[in-house]
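Asks: Task: produce atomic coordinates for the following.
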Amino acid sequence: MSPARPYHHGNLRQAVLDAAATVVRNRGVSELSLREVAADIGVTHAAPRRYFPGRQDLLDAVAVEGFSRLGARLREAIEASQGYEKQVRSVARAYLDFATSEANLVELMFAHKHGAGGPDVGESAMAAFEPMLQMFRRGQTEGVLPNRDPERIGLIFLATLQGIAGLVNCGVVPAWQLDDLIGDAVAQFPSGPSSVTTR
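Replies: Numbers count the residues shown, from 1 in each chain. Modelled structure (predicted):
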């Protein structure tokens, strides 16, 4: 085993978060412990508690950072595309790439325990999905989604993507089908969910 890389003064908190995210990504939430993270970065087992008094505090912080990363991906996807329909496809691809490559992290993000850090996790989730909501608001302004509630459209879109990611992550759907599934999902949204007849 290679020796732990020492952290530089002033960034212990980030070093702990980075090490924790690696454990979550590679081995899952159940394998995460403050003591092991401390050993991984070469500090005493008590050092991380300066920022994370307990394991749940660390989990909440990892979830917050996960939503921050996801939000950045969604913003980048929107900024890289021109036009509503291309942005919807780009956002769908960015979300599914993140959710399938960071399956354990996404599971943590959506299953936090609402402990002391719960409000922070909730706020970070809202911030992460704001670019998606703004995209649907623009679609409404441009007349692509007339008379539709952008928040409701965003919720249905997110549920669709999360459902696809869950099926891929648990092995029910092979990953090679993602491109076709993205196309099918995006096709439901150029004119909004109201294009689907309800009875």
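Asks: In space, what's closest to residue 89 - neighbours in sequence excluded?
Replies: The spatial neighbour of residue 89 that comes closest, neighbours along the chain excluded (C-beta to C-beta, 6 or more residues apart in numbering), is residue 186 at 4.8 Å. C-beta coordinates here come from the backbone N, C-alpha and C atoms, glycine included.
Asks: Buried residues of the helix or strand encompassing the one you found, list them for me.
Replies: Secondary structure from DSSP states H and E places residue 186 in helix 178-187. For helix 178-187, a neighbour-count test (16 or more other C-beta atoms under 10 Å) marks 178, 181-182, 185-186 as buried.
Asks: How about stretch 163-171?
Replies: So, applying 16+ other C-beta under 10 Å, buried residues of stretch 163-171: 164-166, 168-169.
Asks: Keeping just the C-alphas, turn it into CSV.
Replies: Taking Å, rounded to 0.1, in the frame of the first residue of the first chain, the C-alpha atoms of stretch 163-171 are listed here in CSV:
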residue,chain,number,x,y,z
GLY,A,163,-35.6,6.0,-12.6
ILE,A,164,-33.4,5.3,-15.6
ALA,A,165,-30.2,5.6,-13.6
GLY,A,166,-31.6,3.3,-10.9
LEU,A,167,-32.4,0.6,-13.5
VAL,A,168,-28.9,0.9,-15.0
ASN,A,169,-27.2,0.9,-11.6
CYS,A,170,-28.9,-2.2,-10.4
GLY,A,171,-28.3,-4.1,-13.6
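Asks: Cool, thanks, talk later.
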